[in-house]
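*Asks:* Kindly generate the corresponding structure for this input.
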Amino acid sequence: MFLKTSCFTKWLCFFALLFLLMSCGVSRSIKDIPDVSAYSSSIEERIKVSDSVFTIGNSFLSKNKQGLWELYVEGDPLQIGLQTGSLTQELFKKQEHAFLSKVGELVPSKTKQYLLRKVVAWYNRKMYLHIPAEYKAEIYGLSKYASNDYNHIAENYLRILYLHGAHDIGHALQDLALVGCSSFAAWGEKTVDGDLIIGRNFDFYAGDDFAKDKIIAFVSPTEGHKFMSVTWGGMIGVVSGMNEHGLTITINAGKSKIPLLAKTPISILAREILQYASTIDEAIAIAKKREVFVSESIFIGSAKDKKAITIEVSPKNFGVYEVPNSNQLICSNHFQSEAYSNDQNNIKHIAESHSQYRYKRMQELLQQQPKVTPQIAVDILRNKEGLNNKQIGYGNEKALNQLLAHHGIVFKPEDRMVWVSSSPYQLGEFVAYNLNDIFNKKPTKTALSQSELNIEKDSFQFTKAYKDYENYRQLSKEIQIAIDNKETLDPSFIGTFQKTNPEYWEVYYLIGKYYYEKQYYTAALHAFEEASDKEITTVPDKREIDLYIKKLKRKLKQ
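*Replies:* Numbers count the residues shown, from 1 in each chain. A predicted model of the protein is given here:
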């Protein structure tokens, strides 16, 4: 059962385990310091113009009024790494601390630490062999600005190298698909001007602090294509981005068998595609030559091809999916290509997870819009209701807007336009950027966005319902702590908690768990029956609630 609270804990746990492996000798056994002798190792000293503007020659980092950090860097791999590390060093250290400070908290048992780090070390033992040399050089430059507070865990380069496989490691260890990302594309007759439009939510949650300092990176490398991506301190991989040729890439977690060896992290593969592909065929060719160790749908949009496809990769399979004679493409968290038509893990995932539900909701919303525009794409990404506009509770993973996204993003590749959401979630202003202006002209050090083309904030964030949801998030943590520690809550708590998010099944599930632990079996049964009547996220969740109901009915008959 993956609740929002436990989802957060599990992701942080895997980040913690990722770094715990370093203390069991990996840093001593792997001597993979990249050869950077072919690159320039000197950069100018960083100049702090203000608390929100930093410069190094032509490169800079500045914070816009929406709270997004805009980064521009240029040069060879080592220079890009060094400039990025220097410019973002405070953000970099903040993100690293957010992960590593959780190690002792989440894995307090020394025995469990020992066993788990052995498992992760086993998974990671050859991952460094599958990362291209230029990206290892960039990570090496970046690592020069990592915090020295964690040298006892591992030296900086290896620590940051393995951070880039954090998503993959967590996925591999328990075959997790906790990120419920949603993507869609429309073109031809489905858009106002016929041009390709792509929308995507990156529903990755690693704590509130994680999403506070989003970086919109604009990179001008000496080799390959110039590109932009949405990232965070310490990350050179790509999860959402577009290059100067109008090729876009986003990634959606899938499900397959658990692999035995860590290979190319998905974010690194996505970076390579973005930097070196300008067409769909080129993207497919790059994806085919890399070995991955988790399952992922790689959503590719192309200005040159004027359409979108998905590349579906897993450790032992490869597929490409597009809809013949169609002007739209939809992707959630299951595979659709013929290559996976008989994949039992994928079939089970479609049947039991929330992926198919979100897929149908995107279909429904796109059918209601004969002509998609960037504004309409943003409206779809912000949609909080279920099928047929059913109220399913705020934060439900069956909704497109699960109110936990790191970012939402909209691309218009043929115009080289991109809109990136600002906090909170996808509700803040979507900030507009024109890659032609940024890469073809010398960018200014104050602002890169085209503010006149920004898409307005969602008024939902100013409503009582939103305030109630934020209160729900806090209260759900409190009731979970009470359940775990067998504590007694104030009698008024339950009623207050229920009112914060009355249509969400998880509210009643948590109340039921609390009453069950207190042996208030009649009240627990009523709460679980209420939960059962709501739109429950997954089949395993529904099974668990049904089991509680059966168990309680037996107890009450005794």
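
*Asks:* Any buried residues in the helix or strand containing residue 483, and which?
*Replies:* Using DSSP states H and E, residue 483 maps to helix 464-485. Buried residues in helix 464-485, counted by 16 or more other C-beta atoms under 10 Å: 466, 468, 469, 472, 473, 475, 476, 479, 480, 482, 483. (C-beta placed from N, C-alpha, C; glycine too.)

*Asks:* I'd say the last one and residue 514 touch.
*Replies:* Yes. With contact defined as C-beta atoms under 8 Å, residue 483 counts as touching residue 514 (5.4 Å).

*Asks:* in the stretch 101-250 of the chain, which spans are strands?
*Replies:* For the stretch 101-250 of the chain, the strands defined by DSSP state E, counting those that start in this stretch cover 182-186, 197-202, 215-221, 227-231, 240-243, 247-253.

*Asks:* Ok, the stretch 351-500 of the chain next?
*Replies:* 407-412, 417-421, 430-434.

*Asks:* Quickly run through the sheet partners of the longest one, with directions.
*Replies:* When pairing is defined by DSSP bridges, strand 407-412 lines up against strand 197-202 (antiparallel), strand 417-421 (antiparallel).

*Asks:* So residue 194 is in contact with residue 371, correct?
*Replies:* No. Residue 194 is not in contact with residue 371 according to C-beta under 8 Å; the separation is 9.7 Å.

*Asks:* Would you agree residue 217 is in contact with residue 73?
*Replies:* Yes. The pair residue 217 and residue 73 passes the contact test of C-beta under 8 Å, sitting 7.3 Å apart.

*Asks:* what is in contact with these two at once?
*Replies:* Jointly contacting residue 217 and residue 73 under the rule C-beta atoms under 8 Å, 6 or more residues apart in numbering are residue 84.

*Asks:* now the most centrally placed residue in the chain: how far from residue 34?
*Replies:* By C-alpha atoms, centre = their mean, the mean C-alpha position of the chain lies nearest to residue 204, the distance being 3.2 Å. To residue 34, residue 204 is 28 Å away according to C-beta to C-beta, to the nearest Å.

*Asks:* Ok, residue 434 next?
*Replies:* On the measure of C-beta to C-beta, residue 434 and residue 34 end up 35 Å apart.

*Asks:* Over to residue 490?
*Replies:* 57 Å.

*Asks:* Comparing the two, which residue is more hemmed in?
*Replies:* More crowded of residue 490 and residue 34, by other C-beta atoms under 10 Å: residue 34, with 21 against 7.

*Asks:* how about the nearest residue to the more buried one, chain neighbours excluded?
*Replies:* residue 136 (4.2 Å; C-beta to C-beta, 6 or more residues apart in numbering).

*Asks:* Bridged to the closest residue in space to residue 412 that isn't next to it in sequence, which residues?
*Replies:* Nearest non-adjacent residue to residue 412, counting by C-beta to C-beta, 6+ apart: residue 197, 5.6 Å away. According to DSSP bridges, the residues that bridge with residue 197 are residue 186.

*Asks:* residue contacts, residue 197?
*Replies:* Here residue 197 is in contact with 185, 186, 187, 191, 372, 373, 374, 377, 410, 411, 412 (C-beta under 8 Å, 6+ apart).

*Asks:* now swap in residue 189 and tell me
*Replies:* residue 327.

*Asks:* Kindly report the same for residue 503.
*Replies:* Per C-beta under 8 Å, 6+ apart, neighbours of residue 503: 391, 392, 393, 394, 534, 535.

*Asks:* can you rerun that using 10 Å?
*Replies:* 385, 386, 390, 391, 392, 393, 394, 396, 534, 535 (C-beta atoms under 10 Å, 6 or more residues apart in numbering).

*Asks:* Please apply the same query to residue 33.
*Replies:* 136, 140, 155, 157, 158 are the contacts of residue 33 under C-beta under 10 Å, 6+ apart.

*Asks:* roughly how far apart are the fourth one and residue 253?
*Replies:* Taking C-beta to C-beta as the measure, residue 157 and residue 253 are separated by 27 Å.

*Asks:* Give me the more crowded residue out of the two.
*Replies:* Ranked by neighbour count (other C-beta under 10 Å), residue 157 and residue 253 place residue 253 first, with 24 against 20.

*Asks:* The more buried one against residue 297, yeah?
*Replies:* Yes. At 8.0 Å, residue 253 and residue 297 qualify as touching, with contact defined as C-beta atoms under 10 Å.

*Asks:* Need the overlap of contacts for those two.
*Replies:* 181, 332, 333.

*Asks:* Turn those residues into JSON lines, columns for distance to residue 461 and pLDDT.
*Replies:* JSON lines is the format used below for the shared contacts of residue 253 and residue 297 (distance: C-beta to C-beta, whole Å; pLDDT from 0 to 100):
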{"residue": "181", "distance to residue 461": "21", "pLDDT": "87"}
{"residue": "332", "distance to residue 461": "25", "pLDDT": "93"}
{"residue": "333", "distance to residue 461": "26", "pLDDT": "89"}
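
*Asks:* All the helices of the stretch 151-300 of the chain, in order from the start?
*Replies:* 156-163, 166-174, 266-276, 280-289 (DSSP state H, counting those that start in this stretch).

*Asks:* low pLDDT regions in the stretch 401-550 of the chain?
*Replies:* 444-446 (pLDDT under 70).

*Asks:* For it, just list every one of the helices.
*Replies:* Going by DSSP H, counting those that start in this stretch, the stretch 401-550 of the chain shows helices at 435-440, 464-485, 493-500, 505-517, 521-532, 539-557.

*Asks:* can you pull the contacts of the closest residue to residue 457 other than its chain neighbours?
*Replies:* Distances taken as C-beta to C-beta, 6+ apart place residue 429 nearest to residue 457, at 5.1 Å, with adjacent residues excluded. Counting by C-beta under 10 Å, 6+ apart, residue 429 makes contact with 64-68, 419-423, 449, 451, 454-458.

*Asks:* Narrow those residues to just the buried residues.
*Replies:* Going by neighbour count (16+ other C-beta under 10 Å), the contacts of residue 429 have 64, 66, 68, 419-423, 449, 454-455, 457-458 buried.

*Asks:* Looking at those, which is nearest residue 355?
*Replies:* Using C-beta to C-beta, residue 421 comes nearest to residue 355 of the buried ones among the contacts of residue 429, at 21.8 Å.

*Asks:* Surely the closest one touches residue 432?
*Replies:* No. Counting by C-beta under 10 Å, residue 421 does not reach residue 432; the two are 11.4 Å apart.
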